[in-house]
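just to be clear, the model below is a prediction. Sequence and coordinates:
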Amino acid sequence: MRFEKKDIALLIPATLLAIAGLGPDDAWVVGPCLFLSWIAFIVICAIHEGQPRTRIIVGIVITLALFGVGYRRFNSIYHEPKKESQNTANREHPPSVAPLQEPSKPPGENGTTDASRTPTNAASKKNLEAIEKKRIAEGVPPALAHYDVAKERLASDPEKLSLYDLYLTDFEQSEVKHSRTLVIKTTPEIRMEAAVVQQIEMGTEFVMFYVPYNKGTDQLCLYLRGEQVTAKSLVFSKRIFIYHEAYLTPEQTIFVRNFYLEQGITVSFRSTDYLENRKLQAQVKKLEKHKSP
């Protein structure tokens, strides 16, 4: 088919309209663009001076092509956002949190459960509390007694370290402010911990949370966003640390991370893998200390 000037005058806007219909995810833009493009192409076929049979075939091909494009575009517009809206609803209104339970472990090598993820926090925390009570009876302030016991374990008995010990000792006690317990009234109730870490030299502060074993840990992580923990005496650095005992799948980790990123907050997860690395570091440090002259 040979195009004359009048044909080209319609061909250019028809092509541009068809391309415009591929871009936005707005049905009120896609529909008119594709419809006007189809009208322009049909007009070209009608006024062209070529063979009628050829013009009819070209018109049918263009109609089928634009119909197919329109179907795919409307299908993506009206179906994909439903999944997104469901995710948004989950972010804004997290479902009720499950009671404290030991979560299913992630699979280890050869289809077995990784023994390093066996729950130890309950027992270690009981031992910690027993020693802490003894220190308090000796006149040591409670907060300092708790911190001292965890610090002592880190230095002398790293094999018995728990993630809760690291929550207590990762940052200097003088920097940790406004520690408090967050209680969710379930059966049994869920008790999480939160604290503000203030770095005076930098003039900033950030928040850290401790989340015990729970099958709904990913939802608890979302719930923490609504907790007003910062002291607001320094600039909030938009960072939070979440110490969580339960295993989070890669999908859960990405979902929680993106949830906070959308609000301009960077979240760092510290779980059992972090605990194992810190145990190894502490054991190496202990051995080097004993071997040094």
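Great, that's in hand.

helix or strand right after the helix or strand of the chain with the lowest mean pLDDT?
The weakest-scoring helix or strand in the chain, judged by mean pLDDT, DSSP states H and E, is helix 121-137 (a mean of 61). Next along the chain after helix 121-137, taking DSSP states H and E as the criterion, comes helix 142-156.

quick one: buried residues of stretch 272-290?
Within stretch 272-290, the residues scored as buried using 16 or more other CB atoms under 10 Å are 272, 274-275, 278-279, 282, 286. For the C-beta atoms, the positions are set from N, CA and C on the backbone; glycine is no exception.

among the residues you listed, find the lowest-pLDDT one for me.
Here the lowest pLDDT out of the buried residues of stretch 272-290 sits on residue 286, with 84.

in which helix or strand does it reside?
Using DSSP H and E, the element containing residue 286 is helix 272-291.

packing partners of that helix?
Other helices and strands packing on helix 272-291, by 3 or more CB pairs under 8 Å, 6 or more residues apart in numbering; DSSP states H and E, are helix 142-156, helix 163-169.

so where do the helices sit in this structure?
For the chain, helices defined by DSSP state H occupy the ranges 5-20, 27-47, 52-92, 121-137, 142-156, 163-169, 217-223, 250-261, 272-291.

tell me which of those sits nearest to residue 207.
helix 250-261 (11.3 Å; CB to CB).

elements contacting that closest one?
Partner elements for helix 250-261 (3+ CB pairs under 8 Å, 6+ apart): helix 217-223, strand 266-270.

need those in JSON lines (columns: mean neighbour count).
JSON lines is the format used below for the helices and strands packed on helix 250-261 (neighbours: other CB atoms under 10 Å):
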{"stretch": "helix 217-223", "mean neighbour count": "21"}
{"stretch": "strand 266-270", "mean neighbour count": "16"}
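
if you average pLDDT over each of these, which is lowest?
helix 217-223 (a mean of 90).

convert the C-alpha atoms of that one to CSV, please.
Output in CSV follows, covering the C-alpha atoms of helix 217-223 (Å, rounded to 0.1, in the frame of the first residue of the first chain):
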residue,chain,number,x,y,z
THR,A,217,6.4,-12.5,63.9
ASP,A,218,6.1,-10.9,60.5
GLN,A,219,2.8,-9.3,61.6
LEU,A,220,4.3,-8.2,65.0
CYS,A,221,7.1,-6.5,63.0
LEU,A,222,4.4,-4.5,61.2
TYR,A,223,2.6,-3.8,64.5
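
how many residues are close by residue 235?
For residue 235, the neighbour count with other CB atoms under 10 Å is 11.

ok, the nearest residue to it once chain neighbours are set aside - contacts?
Of all residues beyond its chain neighbours, the one nearest residue 235 is residue 204 (5.0 Å), with distances taken as CB to CB, 6 or more residues apart in numbering. Contact analysis of residue 204 by CB atoms under 8 Å, 6 or more residues apart in numbering lists 198, 234-237.

distance of residue 224 from residue 184?
11 Å (CB to CB, to the nearest Å).

what do the two both touch?
By CB under 8 Å, 6+ apart, the residues touching both residue 224 and residue 184 are residue 192.

re the thing from before, and residue 45, which of the helices and strands packed on helix 272-291 is closest to it?
Closest to residue 45 of the helices and strands packed on helix 272-291, according to CB to CB: helix 163-169, at 71.0 Å.

domains for this structure, by residue range?
Taking automatic domain parsing as the reference, the chain has its domains at 5-92, 109-291.

can you tell me which of those is packed in deepest?
Highest mean neighbour count of the domains of the chain: domain 109-291, a mean of 16 (counted as mean count of other CB atoms under 10 Å).

CA atoms of stretch 270-287 as CSV?
Extracted in CSV, the C-alpha atoms of stretch 270-287 (Å, rounded to 0.1, in the frame of the first residue of the first chain):
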residue,chain,number,x,y,z
ARG,A,270,18.8,-9.7,63.8
SER,A,271,17.8,-13.3,64.4
THR,A,272,19.3,-16.7,65.1
ASP,A,273,21.9,-16.5,62.3
TYR,A,274,23.1,-13.2,63.8
LEU,A,275,23.3,-15.0,67.2
GLU,A,276,25.4,-17.8,65.8
ASN,A,277,27.8,-15.4,64.2
ARG,A,278,28.2,-13.4,67.4
LYS,A,279,28.7,-16.7,69.4
LEU,A,280,31.6,-17.6,67.0
GLN,A,281,33.1,-14.2,67.3
ALA,A,282,32.9,-14.2,71.1
GLN,A,283,34.4,-17.7,71.3
VAL,A,284,37.3,-16.8,69.0
LYS,A,285,37.9,-13.7,71.1
LYS,A,286,37.9,-15.7,74.3
LEU,A,287,40.4,-18.3,72.9
